[in-house]
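Colleague: sequence and predicted structure below; questions after.
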Amino acid sequence: MDNLRQGSIKEAHRRPPFKKAHKGNLIEKIMHGVFLLAAFTSIFSLVLIVIFIFTNGLPMMFEYGLTDFIFGQTWNRTTFGLLPMILGSILVTIGAVSIGVPIGVMTAIFMAEFCPKWLYEFLKPAVNLMAGIPSIVYGFFALRIIVPQIRQLFGGPGNSMLAAIMLLAIMILPTVISLSEAAIRSVPRSYFSGSIALGASPERSIFSVLVPAAKSGIFSSIVLGVGRAIGETMAVVMVAGNQPLMPRGLTEGVRTLTTNIVMEMAYASGQHRDALVATGVVLFIFIMIINTTFLIMKNKEAK
Amino acid sequence: MTSKLMKILVYLSAAFTFGMLGYLVIYILINGVRFLTPSLFAWNYSTSNVSMMPALMTTLMVVAGTLLIATPIGVFTGFYLVDYANRKNPIVKAIGMATDTLAGIPSIIYGLFGMLFFVIFLDFQFSLLAGILTVTIMSLPVIIRSTEEALIATGMPIRQASYALGAGKLRTLFKVVLPVAMPGILSGVILATGRIIGETAALMFTLGTATNLPGSLFASGRTLSLHMYILSQEGRHVNEAYATAVVLLVFVLVMNALSTLVSKRLAKGGK
């Protein structure tokens, strides 16, 4: 229904019906220019961001040697091997996604299918609240609750890869939940009634018909969750331990690409600073791959 | 059988999600509220009172400054995309893609960019202005997207009715379409406000971390989130960090309530 309505409006906008009639008016013309200018701000900003990050980061990468930079295992003030941070980011993200996605998708199924209406009135704002809580508050919460628990259970410092994984698993929940819920809700209701008519129980209809039908939407929620997890900075820096060493285990400290920048930027200069910007370049490339995947999936879905 | 098991898992997941949220909120409130002492809101920061007042005021300044720039640009972009541009135009597609890309860039990259461009290249130093401009770019996508959606949802008939009465395009847009689309645009602006309040990584290397109220656009300061980060990293002012978390949570709660209220009004048909 909604799509239909929006589609017809878009259709109508393709041929603005009264465009010519008002062309003479000067103010109309000026404002048209102003709106056009405003619209170019996004493109302009994006181009500026790409230019400034890449021109400050790339030369250092080539000067230092691309393979030495990407595959080097040692990071200190003079040696810049980024591999520990790349692996750290990937491992933490995989961990967070493999815990957060199942919980998020199932919570979305609950909200779309099992949740009574009166409860939904509370849960929907609750998910929005989760999305709105500043990352610093999540990080602080994890520092006070998760880190001591890990220290008690497994020994060690507590500030660890496991702490970062659990924290990020919680932080990606709202993203996964809202997109998955929308995906499940957008499956035509006739799928459900058809399945019921064939004699399947409501539960079976939900898990075997509705959820599989929503899988492309659910998958794009996962992709976006990955983007959130890999880009999160301030919360992770509080709990991850941040030693610039190759990941050594779940209960040992780890440093990610994002935290690498935050940890050292305050006092960095010269090639060291460029190396941190280059870290940003690598992170940016990761994010671009993830975003492009998401956009391609979203476009596919729209068709 | 398996679907029964799945159902149990679904209930458990939901219980975990909302239990966790409840735990977080209650935990922060219980540990923080009792430390909300008057000295924490003293006008001037000192190492003994660790006042959050300058940070609170700086947060409001950053929010106000950002909205002042980002709202017109974002709303005008929405105007252009929906009411002026030809949808098939490749430029429109490019603007849409740029907006989506901006929305996906992590805040630390914005922070890096802000530092390289505003702080160093334009030589603003760590300043209110550098922070505001950085966060402005960050909040653009949210405002653009919500404006776009709100404008599309108003539909063609009210525009045609206005044209039929002899109103020009601009007049139609501002006097007829905008009032109807207002709740949708507003909820986007509120969402952006929430993001700005919670932002840390993008502000750390642009706004800086000075403890006092910035006296001018070119002075450094710190927002509440940054204040909280520094307090919890130093480790000596954990109680004050809890109290700051309470204030941040209250902000987020108010913002969310506002946006829910506004979008409910939108669902009723707006006005």
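Modeller: Here it is on my side, so go on.
Colleague: need the strands for the stretch 51-200 of chain B, in chain order.
Modeller: According to DSSP state E, counting those that start in this stretch, the stretch 51-200 of chain B carries no segments that qualify as strands.
Colleague: now it, which segments are flagged as low pLDDT?
Modeller: Judged against pLDDT under 70, the stretch 51-200 of chain B has no low-scoring part.
Colleague: would you map the helices across it?
Modeller: Ranges of helices in the stretch 51-200 of chain B, per DSSP state H, counting those that start in this stretch, are B:53-79, B:90-104, B:107-114, B:128-154, B:157-164, B:169-171, B:178-198.
Colleague: off-centre distance for the shortest one?
Modeller: On the basis of CA atoms, centre = their mean, to the nearest Å, the separation between the geometric centre of helix B:169-171 and that of its chain is 30 Å.
Colleague: list the contacts for B:Asp123?
Modeller: For B:Asp123, the contact set (CB atoms under 8 Å, 6 or more residues apart in numbering or on different chains) is empty. All C-beta atoms are positioned from the backbone trio N, CA, C, and that covers glycine.
Colleague: how close does it get to chain A?
Modeller: Note on B:Asp123: its distance to chain A, by CB to the nearest CB, to the nearest Å, is 14 Å.
Colleague: on that earlier part again, export the helices of the stretch 51-200 of chain B to a markdown table and append columns for mean neighbour count.
Modeller: Converted to a markdown table, the helices of the stretch 51-200 of chain B look like this (neighbours: other CB atoms under 10 Å in any protein chain shown):
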| stretch | mean neighbour count |
| --- | --- |
| helix B:53-79 | 21 |
| helix B:90-104 | 18 |
| helix B:107-114 | 28 |
| helix B:128-154 | 25 |
| helix B:157-164 | 15 |
| helix B:169-171 | 19 |
| helix B:178-198 | 22 |
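Colleague: now distance to B:Met20 too, for the ones you listed, in TSV please.
Modeller: Formatted as TSV, the helices of the stretch 51-200 of chain B follow (distance: least, CB to CB, whole Å):
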stretch	distance to B:Met20
helix B:53-79	26
helix B:90-104	25
helix B:107-114	23
helix B:128-154	25
helix B:157-164	44
helix B:169-171	49
helix B:178-198	18
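Colleague: want to throw the ones you listed into TSV with distance to chain A?
Modeller: What follows is the helices of the stretch 51-200 of chain B, written out as TSV (distance: least, CB to the nearest CB, whole Å):
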stretch	distance to chain A
helix B:53-79	3
helix B:90-104	4
helix B:107-114	4
helix B:128-154	5
helix B:157-164	5
helix B:169-171	5
helix B:178-198	3
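Colleague: show me the contacts for the residue nearest the centre of chain A.
Modeller: With distances taken as CA atoms, centre = their mean, A:Arg228 lies nearest the centre of chain A, 2.4 Å away. A:Arg228 makes contact with A:Leu168, A:Met171, A:Ile172, A:Thr175, according to CB under 8 Å, 6+ apart.
Colleague: top of the residues you listed by number of neighbours, please.
Modeller: The member of the contacts of A:Arg228 that has the most neighbours, counting by other CB atoms under 10 Å in any protein chain shown, is A:Leu168 with 30 neighbours.
Colleague: quick one: contacts for it?
Modeller: Applying CB under 8 Å, 6+ apart to A:Leu168 gives the contacts A:Val92, A:Thr93, A:Gly95, A:Ala96, A:Gly100, A:Arg228, A:Ala229, A:Glu232, A:Ala235, A:Val236.
Colleague: quick one: buried residues of the strand or helix carrying the second one?
Modeller: Assigned by DSSP states H and E, A:Thr93 belongs to helix A:83-109. Within helix A:83-109, the residues that count as buried by 16 or more other CB atoms under 10 Å in any protein chain shown are A:83-89, A:91-93, A:95-97, A:99-101, A:103-109.
Colleague: and what of stretch B:12-24?
Modeller: Going by neighbour count (16+ other CB under 10 Å), the buried part of stretch B:12-24 is B:Ser13, B:Ala14, B:Thr17, B:Phe18, B:Met20, B:Leu21, B:Leu24.
Colleague: can I get these in JSON lines with pLDDT, secondary structure and distance to A:Phe219?
Modeller: Conversion of those to JSON lines gives the following (pLDDT from 0 to 100; DSSP: H, G, I helix; E, B strand; the rest coil; distance: CB to CB, whole Å):
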{"residue": "B:Ser13", "pLDDT": "94", "secondary structure": "helix", "distance to A:Phe219": "18"}
{"residue": "B:Ala14", "pLDDT": "94", "secondary structure": "helix", "distance to A:Phe219": "21"}
{"residue": "B:Thr17", "pLDDT": "94", "secondary structure": "helix", "distance to A:Phe219": "20"}
{"residue": "B:Phe18", "pLDDT": "95", "secondary structure": "helix", "distance to A:Phe219": "24"}
{"residue": "B:Met20", "pLDDT": "94", "secondary structure": "helix", "distance to A:Phe219": "24"}
{"residue": "B:Leu21", "pLDDT": "94", "secondary structure": "helix", "distance to A:Phe219": "25"}
{"residue": "B:Leu24", "pLDDT": "94", "secondary structure": "helix", "distance to A:Phe219": "28"}
